[in-house]
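Undergrad: quick one, fold the following:
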Amino acid sequence: MHKTDLPRWTRTWLAGLGLASSGLAWAQTPGDAAAPEDALTIRPAQVRLGIEKVHLPGNEAMGLVGSTYLVDIGHGLWIGPAAYGAISGQRGGLFTFGAEAAWRAPLPGPLALDLGFYAGGGGGGAAPVGGGLMLRPHADLTWNFGPYRAGVSLSQVRFANGDIDSRQIGLVWSANTDFRYVARDRIGSPSSISGRSGVGFDRVQAVFGLYKPRSGDMRNGGGTLSKIGFAGVRMERAIDNHAYWGIEAAGATSGGVAGYAEYLFTAGTETSLWGDSLVVGTRAALGMGGGGDVSVGGGLLLKGGVYSTLRLTRDLGLTLEGGYTAAPQGRFRALHAAASLNWILDDPSDVTAPDRTTRTEWVGGVERYNAARRDGSVRSLQAVSLKVNRFVSPLIYLSGQAHSAYGGGAGGYSVGLIGLGLQAPLGSRVRVGAEGLIGAAGGGGVDTQGGAIAQPMAYVGVDVSRSVSLRVGAGRIKSLRHGPLNGNVIDFTLAFTFGVAGHGYR
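TA: Below is the predicted model of the structure:
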């Protein structure tokens, strides 16, 4: 087939996957990867936060916050996942996520110049984003303060087939950290692991809950809100024996607000009772929320809660939480209750746990399927996908995934999924796998009938380097509430496989 016969979305993203594959392979050259047999590979990393004011048509201003996790792959290049969302203005519920690449050039003294480019999918808040593809080239001038850097960012925010095209100056801050991991070919070998590895979160929670809006709470378009069911994930890292911080994301699964989503930073404190069997604590969260016609104003969201956790095993616990959530710039106010399964991934203070290397995968790519729309039509939709897989046995893994539209006239459509996967080798370089996933979806005019969906998938992967594989998958996405969303899915992804310290599969 001639190159021009391929759909544009396929050509664009296969090119991106090829560049990413080359970059990761470059990062794994023998000189860079050389390490003692029992040591972790350590690469510099940074957590970056930025804020800027984006100008929309009609002289409208929107505050935009970005968060990025970048890993140094060598030769001054950094790559990693990134997310952006509205925090002020009138577009609460606008979110995008995707990938970012940056190149750092040292300047005299403590200064450095970072040149970068972000591409991702998303939308929401009724913003004119078209299909949802957001592009953000930027140049950052930062000052080195030791453990962190801070400075100014000159950027362009453009939605490729929408009406947003803005240039602005913002502020940027980044903290230095390390990405510590075991190469895939050393997983299962003895390894002297001390401290955290991977991104560094100590525990993850699969959360299912309910919002009860206050009486009379109204939607943006009129009408009152009813109870809202939601599902999501929370990842946390201990500061000391009591305090911790983390991030959380959730989306609506019921309540007639399909497309509502939230992304927050959280911090809390807790203490143990009866040994380690019962934990009680309190936490607060600050971040972004919106979509689904929920009145959140510019998108700022506040949350507070108290909880208790019953530890079922060394690795698992059951958490019950109650609290209050509010959007200060909008009318949304609600009590919330949630139950979550708490899984300890990494416990540096647990000296009794044996050294283990748990197989983990970061997977990124694109997918395509025909999606039913609220206007009664069925049209092709293209979405960017990010997945994290953590193995609990040689063949079985848990998966958390996020998907967001970048094409097909569905800007603002997002999906969050969790589930189980099965993967097995088929020869020395080929692996086959299957996944069963459930979650929440909505926005962008896609008819998900309340938000709850299922997405079974199967795939085949071929190694392109010792830690990177190219995968092609197929499956189906379907509304769980008898909605019209019911389409065949095809996806192309790039998977990075590595080992981390933890209580999981060795």
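
Undergrad: need the phi and psi values for R481.
TA: Per-residue torsions, R481: phi -110, psi 30 (degrees, to the nearest 10).

Undergrad: quick one: it and G450 touch, right?
TA: Yes: contact status for R481 versus G450: in contact at 4.7 Å, counting by C-beta atoms under 8 Å. Placement of C-beta: from N, CA and C, glycine included.

Undergrad: tell me, what's touching those two both at once?
TA: Shared contacts of R481 and G450, defined by C-beta atoms under 8 Å, 6 or more residues apart in numbering, are found at S254.

Undergrad: okay, the closest residue to D463 other than its chain neighbours and S469: tell me how far apart.
TA: Spatial nearest neighbour of D463, excluding adjacent residues (C-beta to C-beta, 6 or more residues apart in numbering): R429 at 4.4 Å. Between R429 and S469 the computed distance is 8 Å (C-beta to C-beta, to the nearest Å).

Undergrad: neighbour count winner among the two?
TA: S469 (23 against 11; other C-beta atoms under 10 Å).

Undergrad: quick one: what helix or strand has that one in it?
TA: strand 468-479 (DSSP states H and E).

Undergrad: so where is this structure shaky, pLDDT-wise?
TA: 1-39, 188-195, 346-356, 502-506 (pLDDT under 70).

Undergrad: what residue is smack in the middle of it?
TA: The residue lying closest to the centre of the chain (C-alpha atoms, centre = their mean) is A402, at 5.8 Å.

Undergrad: can you tell me the SS state at that residue?
TA: Three-state call for A402 (DSSP: H, G, I helix; E, B strand; the rest coil): strand.

Undergrad: again, but for G298
TA: coil.

Undergrad: I'd say it and G63 touch.
TA: Yes: under the criterion of C-beta under 8 Å, G298 makes contact with G63 at 6.5 Å.

Undergrad: identify the contacts common to the two.
TA: The contact sets of G298 and G63 overlap at 86-89 (C-beta under 8 Å, 6+ apart).

Undergrad: outline the domain layout of this structure.
TA: For the chain, whose domains are defined here by the TED database, the residue ranges read 40-181, 203-344, 358-500.

Undergrad: nearest to I187, out of these?
TA: Of all the domains of the chain, the one in closest proximity to I187, counting by C-beta to C-beta, is domain 358-500 (4.1 Å).

Undergrad: thinking again about what came up before, and the helix or strand immediately after the strand holding S469 in the chain, which residues are buried?
TA: Once strand 468-479 ends, the next helix or strand along the chain (criterion: DSSP H and E) is strand 486-501. For strand 486-501, the buried set under the neighbour-count rule, 16 or more other C-beta atoms under 10 Å, comprises 486-487, 489, 491-501.

Undergrad: same check on stretch 260-274?
TA: Applying 16+ other C-beta under 10 Å to stretch 260-274 flags 260-264, 266, 268, 270 as buried.

Undergrad: next, G408: phi, psi?
TA: Phi and psi for G408, reported as degrees, to the nearest 10, are phi 90, psi 20.

Undergrad: grab the nearest non-local neighbour of it.
TA: In space, G408 is closest to L381, 3.8 Å off (C-beta to C-beta, 6+ apart).

Undergrad: for whichever helix or strand that neighbour is part of, packing partners?
TA: Element membership for L381, per DSSP H and E: strand 378-391. Judged by 3 or more C-beta pairs under 8 Å, 6 or more residues apart in numbering; DSSP states H and E, strand 378-391 is in contact with strand 95-106, strand 111-123, strand 357-372, strand 396-407, strand 486-501.

Undergrad: so who does L422 touch?
TA: 395-397, 433-435.

Undergrad: let's see 6 Å
TA: 395-396, 434 (C-beta atoms under 6 Å, 6 or more residues apart in numbering).

Undergrad: closest one to A238 out of these, please.
TA: I396 (27.2 Å).

Undergrad: so what's the residue count around Y324?
TA: By the criterion of other C-beta under 10 Å, Y324 has 13 neighbours.

Undergrad: from here on, call the first residue 183.
TA: Yes, from this point I'll number from 183; that puts the last item at Y506.

Undergrad: part of a strand, is it?
TA: Yes: Y506: assigned to a strand according to three-state DSSP.

Undergrad: where do the helices sit along this structure?
TA: 190-209, 212-215 (DSSP state H).

Undergrad: and the angle for the longest strand along the chain with strand 539-554?
TA: Using DSSP state E, we find that the single longest strand of the chain is strand 347-365. Calculated by axes from the mean of the first three to the mean of the last three C-alpha atoms, to 10 degrees, strand 347-365 forms an angle of 140 degrees with strand 539-554.

Undergrad: re earlier: just checking: what are the partner strands of the strand holding L563?
TA: With DSSP bridges as the test, strand 560-573 is paired with strand 539-554 (antiparallel), strand 578-589 (antiparallel).

Undergrad: any idea which of these gets closest to R416?
TA: Taking the strands paired with strand 560-573 one by one with C-beta to C-beta, strand 578-589 is closest: 10.8 Å.

Undergrad: contacting residues around the closest one?
TA: Applying C-beta under 6 Å, 6+ apart, the contact partners of strand 578-589 are 191, 279, 303-304, 313-315, 415, 563-573, 595-601, 603-604, 617, 626.

Undergrad: export that strand to PDB, keeping only CA atoms.
TA: In PDB, the C-alpha atoms belonging to strand 578-589 read as follows (Å, rounded to 0.1, in the frame of the first residue of the first chain):
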ATOM      1  CA  ILE A 578      -1.600 -11.900  35.000                       C
ATOM      2  CA  TYR A 579      -1.500  -8.200  35.500                       C
ATOM      3  CA  LEU A 580      -3.700  -5.300  36.700                       C
ATOM      4  CA  SER A 581      -4.200  -2.400  34.300                       C
ATOM      5  CA  GLY A 582      -5.200   1.200  34.700                       C
ATOM      6  CA  GLN A 583      -5.900   3.200  31.500                       C
ATOM      7  CA  ALA A 584      -6.900   6.700  30.300                       C
ATOM      8  CA  HIS A 585      -8.100   7.500  26.800                       C
ATOM      9  CA  SER A 586      -9.000  10.900  25.300                       C
ATOM     10  CA  ALA A 587     -10.200  11.900  21.800                       C
ATOM     11  CA  TYR A 588      -8.000  13.900  19.500                       C
ATOM     12  CA  GLY A 589     -10.000  13.400  16.300                       C
END
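
Undergrad: quick one: buried residues of that strand?
TA: Of all the residues in strand 578-589, those buried under the rule 16+ other C-beta under 10 Å are 579-589.

Undergrad: distance from the chain centre to stretch 554-570, please.
TA: Distance of stretch 554-570 from its chain centroid, counting by C-alpha atoms, centre = their mean, to the nearest Å, is 18 Å.

Undergrad: wait, stretch 566-577
TA: Distance, centroid of stretch 566-577 to centroid of chain: 13 Å (C-alpha atoms, centre = their mean).

Undergrad: again with stretch 646-658
TA: How far stretch 646-658 lies from its chain's middle: 19 Å, per C-alpha atoms, centre = their mean.

Undergrad: ok, back up a step: and the strand holding S651, what does it pack onto?
TA: Counting contacts by 3 or more C-beta pairs under 6 Å, 6 or more residues apart in numbering; DSSP states H and E, strand 650-661 packs against strand 639-645, strand 668-683.

Undergrad: start and end of stretch 619-638, how far apart?
TA: In stretch 619-638, first residue to last residue: 6 Å (C-alpha to C-alpha, to the nearest Å).
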